[in-house]
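Q: Can you look at this prediction? I've put the sequence above it.
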Amino acid sequence: MEEPSLLLRVNITKNSWNDFLESPVKNFHDFSDWRSWLKEEKKMYGDPDDFVDNWTLCLNGRVRDNLEWMHYEYDEENEILVLSNLFFYGNFDPMLRVVSILRGINEFTKPDTVNNFLVIYPYWWGDRTKVGEWANVYIEFDHGRNLLTNILDKRNIDIATEYFDSKDEDWAKFCHEKMYG
């Protein structure tokens, strides 16, 4: 599998962003919807029950310590955070560890705001004519919930695609070096 691209976009105050970075990481088993999502969406080869039951890869410490390699931009005027990685993990183990951490941001987002989401999709390596038709992972953060779904909101996919489209080749090299050294 080629590396998909990750984009997290949330409405969040600067103080709440810093509080999230200092908070303990969330792990895979902190969320109960993985099993049904893996089964329903047939996201993996093998038995989803075995995968969930035998998941042992957990992270420790603060969020900040586990996301050092991610690129982020914070718009102070609009209080919008965009966290991205153009070349994200294609393997489910590391992908879902990081997604579990990022799902914890839901507790810190501004209430009653729109376009709070995380998408991992084949932006860079995928068929560019089909961007937005399919995602490895798609989560909407809404009113204290984070909804793991495969029903993509076109507006959010357009926001993610426009963000990546606005970047240049130097930024792509920067992302690759940050991820792989």
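A: Happy to help now that I have it. Just so we're clear, the structure is a prediction, and the values are computed from it rather than from any experiment.
Q: contacts and neighbour counts: CA atoms only from here.
A: Noted.
Q: Kindly confirm my reading that Val82 forms part of a strand.
A: Yes: Val82 forms part of a strand when assessed by DSSP: H, G, I helix; E, B strand; the rest coil.
Q: Identify the residue spatially nearest to it, adjacent ones excluded.
A: Arg9 (4.5 Å; Cα to Cα, 6 or more residues apart in numbering).
Q: And for Gly61?
A: Pro24 (5.6 Å).
Q: Work out for me the element the residue nearest to Val82 sits within.
A: Following DSSP states H and E, the helix or strand that holds Arg9 is strand 5-11.
Q: Quick one: list the elements packing against that strand.
A: Packing partners of strand 5-11 (3 or more Cα pairs under 8 Å, 6 or more residues apart in numbering; DSSP states H and E): strand 80-85, strand 117-121.
Q: For that strand, which strands pair with it and how are they oriented?
A: Strands that pair with strand 5-11, judged by DSSP bridges, come out as strand 80-85 (antiparallel), strand 117-121 (antiparallel).
Q: picking up where we left off before, for the residue nearest to Gly61, name its beta-bridge partners.
A: Legend: beta-bridge partners of Pro24 under DSSP bridges are Arg62.
Q: How many neighbouring residues does it have?
A: Residues near Pro24, counting by other Cα atoms under 10 Å, number 17.
Q: Correct me if wrong: it contacts Asn60.
A: Yes: with contacts counted by Cα atoms under 8 Å, Pro24 reaches Asn60, the gap being 7.3 Å.
Q: quick revisit: could you export the helices and strands packed on strand 5-11 as JSON lines, including distance to Ile159 and mean neighbour count?
A: Formatted as JSON lines, the helices and strands packed on strand 5-11 follow (distance: least, Cα to Cα, whole Å; neighbours: other Cα atoms under 10 Å):
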{"stretch": "strand 80-85", "distance to Ile159": "11", "mean neighbour count": "21"}
{"stretch": "strand 117-121", "distance to Ile159": "10", "mean neighbour count": "26"}
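Q: residues making contact with stretch 35-52?
A: The contact list for stretch 35-52, computed with Cα atoms under 8 Å, 6 or more residues apart in numbering, reads Trp34, Asn136, Leu148, Thr149, Asn150.
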